[in-house]
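Enquirer: got a structure for you, letters missing:
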């Protein structure tokens, strides 16, 4: 009776208890020190691992904040809300996030510019760019296969008339689209920068005019008109110094090709 | 000594758990994508095989066999194996988190890896002594490692080659696995011949 029924049960239960105890001891000795703070900070971050903060992902940034006292306002997609939450968790004073927006510096819409050749390859900008710097007539312009559109996680960038356009209301400034663009047309500007030069062509004025109706021809009229010395033509292209620019819009009015755009916030 | 060498080498080459006995095929296909994680996985399997054999052998000979409880051995052995797998998991999580992430679900799956249970059961069926069992477990683990690392190398080649769509991914992998398995058939008889 004992040997056939009770002993096996006791044996098995005993072994189970010993194994359980061993595991309990091991899990306390080798416990992973993931403290509450890191967890809370990680939850305050958006978790898209975009890398704008300068670390490889949200986990790493949260760890850096807690362990090495990294600044809490590095997360651009999370914005003020995330920074405020994190500063509350960490007990440090809140600093504002300088929020950024993406701008596509190309105005080569359908009708304004043409094709150099017919492209029938892999429909991505990166692939098309490998073949004679893209199929567009302007070597600096948007290729229009929307690699940036695929990269955006906020539905903030779309192809409009063959050129990528950013919706400033939806853009959080994560730079994911800018990293994809093989022409480096997408720049991050301050969120309140409502006046932008929508061209990247560094061809001479004559050449630009031949290739695209909307391209900057480096006529310098904006430079002469600007009352704040904020726009200058360098390398055949008008460039705005956003620290000096007051968003007055004078340059927008005088540009003969209309390559300086302004929008309402 | 000669006998130990025969056991060790035949466990690695002739009776390779993955390629001859077809045990532990799940991690063999699952973790063999990269040589690094294949190496880590096989180290974990070697550890579990050795520790499980070291514990289950005395339990079987001292507690189960004398009382006629041989029927309990599968349940008890699984319990012991699960214990060691959990230990490995806890230790890996603490000290090598990157490997822990790379192994993913395959680490807890060592528990139900029939290669590990197979080693402990076959040692007893073959009537090995304690030290012979340990050597056989070590050989089984090393054989697992050999198969996994060899195959990880082959898979990296397969991944970079151009295949017809129908063969991409798992089909090509399975065909390659069967060819590797056939090639291991060439080792049968080699080990016995080596020590004559």
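Expert: Yep, that arrived. In this text, all values refer to a predicted model and were calculated from it rather than measured experimentally.

Enquirer: Return the distance of the most far-flung residue of chain A relative to its centre relative to residue A:9.
Expert: Taking C-alpha atoms, centre = their mean, the residue of chain A most remote from its mean C-alpha position is residue A:1, at 73.9 Å. Separation of residue A:1 from residue A:9 (C-beta to C-beta, to the nearest Å): 12 Å. (C-beta placed from N, C-alpha, C; glycine too.)

Enquirer: quick one, longest helix in chain A?
Expert: helix A:7-29 (DSSP state H).

Enquirer: What residues does chain B have near chain A?
Expert: Residues of chain B lying near chain A by C-beta under 8 Å from any C-beta of the partner chain: B:59, B:63-64, B:67-69, B:72, B:75-76, B:79-80, B:82-83, B:86-87, B:90-91, B:93-95, B:97.

Enquirer: Of those, keep whichever come out buried.
Expert: Neighbour counting with 16 or more other C-beta atoms under 10 Å in any protein chain shown marks B:59, B:63-64, B:69, B:72, B:76, B:79-80, B:82-83, B:86-87, B:90-91, B:93-94 as buried within these.

Enquirer: how about the residues you listed, which pair is most distant?
Expert: Greatest spacing in those, by C-beta to C-beta: B:69 and B:94 (36.2 Å).

Enquirer: so what are the domain limits for chain A?
Expert: A:36-90, A:100-262 (automatic domain parsing).

Enquirer: residue ranges for the strands of the stretch 51-200 of chain A, please.
Expert: Using DSSP state E, counting those that start in this stretch, the strands of the stretch 51-200 of chain A run over residues A:100-104, A:157-160, A:163-166, A:186-190, A:195-197.

Enquirer: Redo those as TSV? Include mean neighbour count and mean pLDDT.
Expert: Output for the strands of the stretch 51-200 of chain A, formatted as TSV (neighbours: other C-beta atoms under 10 Å in any protein chain shown; pLDDT from 0 to 100):
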stretch	mean neighbour count	mean pLDDT
strand A:100-104	23	89
strand A:157-160	16	92
strand A:163-166	22	92
strand A:186-190	19	88
strand A:195-197	21	91
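
Enquirer: Would you tell me which of those strands gets closest to chain B?
Expert: If you check each of the strands of the stretch 51-200 of chain A against chain B by C-beta to the nearest C-beta, strand A:157-160 wins as the nearest, at 29.7 Å.

Enquirer: if we can go back for a sec, show me the one of the strands of the stretch 51-200 of chain A that comes nearest residue B:127.
Expert: Per C-beta to C-beta, nearest to residue B:127 of the strands of the stretch 51-200 of chain A: strand A:157-160, 70.9 Å.

Enquirer: any residues touching that closest one, and which ones?
Expert: A:102, A:104, A:109, A:144, A:146, A:148-149, A:164-167, A:171, A:177 (C-beta atoms under 8 Å, 6 or more residues apart in numbering or on different chains).

Enquirer: For the chain, give me the ranges with low pLDDT.
Expert: Defaulting to chain A. For chain A, the stretches with pLDDT under 70 are A:33-34, A:96, A:98, A:265.

Enquirer: Let me rephrase: I mean chain B.
Expert: Using pLDDT under 70, the flagged stretches of chain B are B:196.

Enquirer: Longest helix of it, counting residues only.
Expert: Under DSSP H, chain B gives helix B:130-159 as its longest helix.

Enquirer: after that helix, next one along is what?
Expert: helix B:170-184 (DSSP states H and E).

Enquirer: Can you add distance to residue B:105 and give the contacts of strand A:157-160 back as a markdown table?
Expert: Formatted as a markdown table, the contacts of strand A:157-160 follow (distance: C-beta to C-beta, whole Å):
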| residue | distance to residue B:105 |
| --- | --- |
| A:102 | 38 |
| A:104 | 42 |
| A:109 | 50 |
| A:144 | 42 |
| A:146 | 36 |
| A:148 | 35 |
| A:149 | 34 |
| A:164 | 40 |
| A:165 | 43 |
| A:166 | 40 |
| A:167 | 40 |
| A:171 | 37 |
| A:177 | 34 |
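
Enquirer: So which of these is the closest to residue A:95?
Expert: When those are compared for distance to residue A:95 (C-beta to C-beta), residue A:171 comes out closest, at 21.7 Å.

Enquirer: So residue B:4 sits against residue B:134, correct?
Expert: No: assessed by C-beta atoms under 8 Å, residue B:4 is found out of contact with residue B:134, at 9.6 Å.

Enquirer: Looking at those two, which one has more neighbours?
Expert: Remark: of residue B:4 and residue B:134, residue B:134 carries more neighbours, 19 against 15, as counted by other C-beta atoms under 10 Å in any protein chain shown.

Enquirer: Please name the spatially closest residue to the more buried one (chain neighbours excluded).
Expert: residue B:53 (5.9 Å; C-beta to C-beta, 6 or more residues apart in numbering or on different chains).
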